[in-house]
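A.B. asks: Just a sequence and a predicted model for now, questions to come.
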Amino acid sequence: MFKGPFSESLLKKAQEKGLISINLVNPRDHATDKHKITDDSPYGGGAGMVMKVDVIVNALRSIGKNTEHGTQNSEHRIIFLCPTGQPLTQEKVNELSKLKSLTLICGHYEGIDERISNYVDEYISIGDYVLTGGELPAMVLVDSIARQIPGVIKEQDSVSNDSFFGGLLDHPSYTKPDTFEGESIPEVLKSGHHKEISAWRRKEALKKTLFNRPELFASIYLSKDDQKLIEELLING
């Protein structure tokens with residue numbers, strides 16, 4: 001599942017440059033029985049299967065992770081991708097990107113034996129919905145963190161202007177042709193006045209966030225200039 005996303009585009013280039021390193025560990029390789037079983041039926045009955053805690057811990061120890069009392073410190077963290085985790089935000093991505101290394105555990109089936117909590121530093125969810133397993137969330141986390149590593153994105157301004165980076169959604173973007181099927185790009189973008197362009201982009205970002213994600217808008221700090229832009233927006237639309 002990981003071959004495609006991790007061997008294409010920016011993630012591939014980042015690994016080739018030595019900016020990031022991605023290592024895959026198959027839990028099945030660390031099962032203790034001859035059939036390499038990684039899951040079993042749940043105690044108490046019920047549908048589905050539960051991943052075995054001993055297999056996962058064996059896998060963690062195979063890569064040299066201290067699993068006695070968790071490992072959270074200033075350089076490393078063990079993360080379990082699951083629906084019960086805290087929502088993944090840009091703020092969390094920025095925090096994790098500063099660590100030296102991460103170990104991501106991908107759940108499957110009905111999850112992992114609850115005793116895995118003794119070996120995990122934190123739980124992360126990418127949304128309030130159910131997926132087949134934690135592989136896709138792990139890919140999302142790796143991709144979002146890699147973007148924050150210096151050198152992965154050539155244009156650093158592109159990173160700092162991304163949606164959510166400053167708490168706002170990104171402003172609209174346009175390119176050629178100037179007019180398409182009767183609709184033209186905003187004149188201010190062709191004016192060459194950088195201050196006016198910057199103000200327009202900020203206003204549009206505020207507008208998009210206010211109307212599309214009001215819960216995000218409510219949590220951002222508004223400068224005096226922002227407040228003036230909001231007043232103009234409410235008056236003129």
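C.D. replies: Great, that's in hand.
A.B. asks: For the rest of this, base every contact and every neighbour count on C-alpha atoms.
C.D. replies: Noted.
A.B. asks: what distance separates the strand or helix carrying residue 225 from the middle of the whole chain?
C.D. replies: Per DSSP states H and E: residue 225 is located in helix 224-236. Taking the mean C-alpha point of helix 224-236 and that of its whole chain, the gap between them comes to 31 Å (CA atoms, centre = their mean, to the nearest Å).
A.B. asks: quick check: longest helix of the chain.
C.D. replies: In terms of residue count, the longest helix belonging to the chain (DSSP state H) is helix 194-212.
A.B. asks: List the buried residues for the helix or strand following it?
C.D. replies: In the C-terminal direction, the helix or strand that comes right after helix 194-212 (DSSP H and E) is helix 214-217. By 16 or more other CA atoms under 10 Å, the buried positions in helix 214-217 come out as residue 217.
A.B. asks: picking that back up, kindly calculate the angle that the helix holding residue 225 makes with helix 194-212.
C.D. replies: Our comparison of helix 224-236 with helix 194-212, counting by axes from the mean of the first three to the mean of the last three CA atoms, to 10 degrees, yields an angle of 70 degrees.
A.B. asks: residues in contact with helix 224-236?
C.D. replies: Residues external to helix 224-236 that are found in contact with it (CA atoms under 8 Å, 6 or more residues apart in numbering): 202, 203, 206, 207.
A.B. asks: same thing with stretch 205-215?
C.D. replies: Outside stretch 205-215, the residues touching it (CA under 8 Å, 6+ apart) are 168, 169, 170, 171, 172, 216, 217, 226, 230, 233.
A.B. asks: Near the third one, how many residues? Count them for me, please.
C.D. replies: Right, residue 170. A total of 19 residues lie near residue 170 under the criterion other CA atoms under 10 Å.
A.B. asks: Need the phi and psi values for it.
C.D. replies: Comment: the main-chain dihedrals of residue 170 come out as phi -70, psi 150, following degrees, to the nearest 10.
A.B. asks: Domain map for this protein?
C.D. replies: 3-146, 161-236 (automatic domain parsing).
A.B. asks: Residue for residue, what is the longest strand the protein has?
C.D. replies: Across the chain, the strand with the greatest residue count (assigned by DSSP state E) is strand 76-87.
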